[in-house]
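1. dropping the sequence and predicted coords here.
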Amino acid sequence: MSPTQGSEPAADMTTESDRRPAQPRRRPERSSKRPPPTAATGPAGRRGRSGRTGRTGYGRGEARFGMAMATPALVVTLLLLGYPLVYSFWVSLHEQTLGSRAPARWVGIDNYTAVLGDPVFLPSLTRTVLFAAAVVLGTLLLGTVFALALNQEFRGRSVVRGVLILPWSLSQITLALTFGWIFNSTFGPLNGALQQAGVIDKYVAWFASGRVALTVMAVAFVWSLVPFATLLILGALQTVPEDLHKAARIDGAGPVRRFFFVTLPWIRDTVLVVSVLALINAFLAFALIYILTGGGPGTETTLLSWWGYTTAFRDLDLGKGAAIFYLMTLAMVLLAALTALVIRGPRRNREGRTA
Amino acid sequence: MIAAGDRGRTARRIAVRALRAGTVLALLAWVLLPFYFLLLVALTSRADSLRTPPRWIPAMDFGSFRKILDSAFSSAPPSNPSDLIVPGMQNSAVVAVCVAALNIVIASTAGYAFARFRFPGSRTVPGLMLGSQLVPVFALVVPFYVMLHSLGLTDTRAGIVIAHLGFTVPFSVWMMRAYFNGIPVEVDRAAMIDGCTRWQVFARVVLPLARPGIISVGLFSFMVSWNDFLFALVLNSRTDAMLIQPAISGLYNVREQSFGIMAAGTLLAALPTMLLALVSQRFLVRGLTSGVGKV
């Protein structure tokens, strides 16, 4: 179920999507792919460390001690994560109504075909993907701009960095209530400010149209994600060696080209992490819809997460709800793999050529 | 010629500084304005909050906060959504503290095991645990409901603690392992030579060194648990076991349209995580990047 099989999840994610197009070249590619992630983790990478563990020469008893120490976590993970996942897959293959005493009835892939054939499916998939793309791009763009601005010394920088953590610490419900109030159509401060500034004549009903409501929700999400993205990207920026920039400047590269050809390749892994985090968060946008639109008007703001929730817990169709969540996971993993491919792709190709 | 070039360079430097100052100000406005709007209406009387255009300076009317906090001292059964906020915070505090404590115990032992020992699965399992972050929690809701219902644990705080463990422990293990990886094995060996048993090496020598990691794991799992809405909503239908997120979700669209109460409740509910994040952002950022940064 989980997309990551090895100890290098991102690398394996790219492998998975590579697999089909590049079948014959799979083996050499795999071996050439192992080094980059290790190199990316820096000089104190995992490889060196596990080697050291090996040299300590722990005997059989030590392995048993390790297993004993790991057991509680393994039990919790298997029982509270592994089993529920398998169970919900089982549910997705059955017809089951929440709260009814009737035994589940095996229906095979009927739930999945029902989901795929549902007129709600394709529009809400498209909406989810567009929503996620907007959130990821907005977060990356603003996070990078803000991180570049913070990457220089100035007075009060630590204070600015300090407040950055605040939006990240909020729950989705808090986020929804905050932005629901700001964008409130009758008394909200945004309408008031825009009217006083003369931008609008009449208060705007932001949640009356699906497209506008989704944009507002994407803005709320980007708001909550950007500060943390800024902190992550800032951390990466501070590891870019000064010499690289100096050399590029001597070669006559201006600030823009230095950013794209020196800075950006250097922080590529962080950009990937930020993207995947934003992607996961965007897919889990549920509380916002719960509070702000209820999926409407009509189904105009129904994202996959909301559709799955209402199918399982309002229409009480557990099987179909579980099927929606599985397809949603699939879409998310594919998008994450695609993101990894886009962000890491060029570098891997270059290495493939030299190998 | 030279003077003109100098002047051009100075002008450009000033422009760059202005641009940077503008960006920083924009960042501050971006982060703080929503909080300001929330505080504004929270500190406004009910009549004033329905004014158009709104007031832009807080009226320092603490009526909304008082109304919410007063319910903590009344023994009457809750009659308004706002009466559920204080009990909700108490319930959430119990749940989140339990989740954090269990995470610390389970993840520090397992993190140490995965960082130091080789046994079947010791190299693949941590990656799987990180990968499990990709699983949408929605996929877990249905099974948890069925499981906890059959155990009679729905509508209890213990049931929600169990559910929260399922999606916090794997990531906590990953984070702790990253921390232990950063502590040289030589420390363990020196302690062994000094006559410590395996357990003593862990509990007395290495664990104290990993205190920043432990704090990160505790904070992280506390915040995830406190902020969870979905499980708190689905696994509990009793008002006296209601957690904070469902409690404040009831403040939206209440018929009385008391935006002051809504904003005050939202701020109160967010206060613990905001304070924790401010006080300990060093640990959080480092912990999360050490965990995720190695993807």
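-> Right, received. Where do you want to start?

2. how does chain B divide up, domain by domain?
-> B:3-43, B:80-291 (the TED database).

3. any part of the shortest one near chain A?
-> Yes - applying CB under 8 Å from any CB of the partner chain, one finds that domain B:3-43 is in contact with chain A at B:20-21, B:23-24, B:27-28, B:30-32, B:34-35, B:37-38, B:40-41. All C-beta spots, glycine's among them, are computed from the backbone N, C-alpha and C.

4. in the stretch 51-200 of chain A, where is pLDDT below threshold?
-> Applying pLDDT under 70 to the stretch 51-200 of chain A flags the ranges A:51-60.

5. what degree of burial does residue 123 show, as a neighbour count?
-> Using chain A. By other CB atoms under 10 Å in any protein chain shown, 15 other residues sit near A:Pro123.

6. my bad, chain B
-> 14.

7. do the same with B:Ser237
-> 11.

8. can you check B:Val201 too?
-> The number of residues packed near B:Val201 is 20, by other CB under 10 Å.

9. any idea how far it lies from A:Phe65?
-> Separation of B:Val201 from A:Phe65 (CB to CB, to the nearest Å): 10 Å.

10. and B:Ser122, what element?
-> B:Ser122 is part of no helix or strand, with elements assigned from DSSP states H and E.

11. surely it meets A:Phe65?
-> No - B:Ser122 lies out of contact with A:Phe65 (CB atoms under 8 Å); the separation is 11.9 Å.

12. so for those two, which residues contact both of them?
-> Both B:Ser122 and A:Phe65 are in contact with B:Ala113, where contact means CB atoms under 8 Å, 6 or more residues apart in numbering or on different chains.

13. pLDDT below threshold where in chain B?
-> The model of chain B has pLDDT under 70 over residues B:1-5, B:76-77, B:253-257, B:286-295.

14. what is the longest helix of it by residue count?
-> Scanning chain B for the longest helix, with DSSP state H as the assignment, gives helix B:2-42.

15. next SSE after it?
-> helix B:46-49.

16. is that next one anywhere near chain A?
-> Yes - applying CB under 8 Å from any CB, one finds helix B:46-49 touching chain A at B:Ser49.

17. chain center to the helix or strand following that helix, what's the gap?
-> Remark: after helix B:46-49, the chain's next helix or strand is helix B:63-70, criterion DSSP H and E. On the basis of CA atoms, centre = their mean, to the nearest Å, helix B:63-70 sits 25 Å off its chain's mean C-alpha point.

18. roughly how far does B:Arg9 sit from B:Val16?
-> From B:Arg9 across to B:Val16, the span is 10 Å (CB to CB).

19. what packs against the helix or strand containing B:Ile215?
-> In the assignment (DSSP H and E), B:Ile215 maps to helix B:211-227. If you count contacts as 3 or more CB pairs under 8 Å, 6 or more residues apart in numbering or on different chains; DSSP states H and E, helix B:211-227 packs onto helix A:172-182, helix B:85-116, helix B:157-181, helix B:244-249, helix B:259-279, helix B:281-292.

20. looking at those, which is closest to A:Trp90?
-> A:Trp90 lies closest, by CB to CB, to one member of the helices and strands packed on helix B:211-227: helix B:157-181, at 17.0 Å.

21. so what's the nearest residue to A:Thr293 once chain neighbours are set aside up against?
-> Computed as CB to CB, 6 or more residues apart in numbering or on different chains, the closest residue to A:Thr293 that is not its neighbour in sequence is A:Thr301, at 4.4 Å. By CB under 8 Å, 6+ apart, A:Thr301 lies in contact with A:127, A:210, A:213-214, A:217, A:289, A:293, A:295.

22. equivalent analysis for B:Phe114, please.
-> So B:Phe114 contacts A:66, A:70, B:122, B:125-126, B:173, B:177, B:180 (CB under 8 Å, 6+ apart).

23. same thing with B:Val99?
-> Each residue near B:Val99 by CB under 8 Å, 6+ apart is listed here: B:161, B:164-165, B:168, B:221-222, B:224-225.

24. ok, B:Ser74 next?
-> Counting by CB under 8 Å, 6+ apart, B:Ser74 touches B:Asp83.

25. what's the farthest-apart pair in the contacts of B:Phe114?
-> B:Val125 and B:Phe180 (14.7 Å).

26. the lengthiest helix in chain A near chain B at all?
-> Longest helix in chain A, counting residues (DSSP H): helix A:318-354. Yes - contact of helix A:318-354 with chain B (CB under 8 Å from any CB) involves A:318, A:321-322, A:325-326, A:328-329, A:332-333, A:336.

27. let me know the closest of those residues to chain B.
-> Checking these against chain B by CB to the nearest CB gives A:Phe325 as the nearest, at 4.3 Å.
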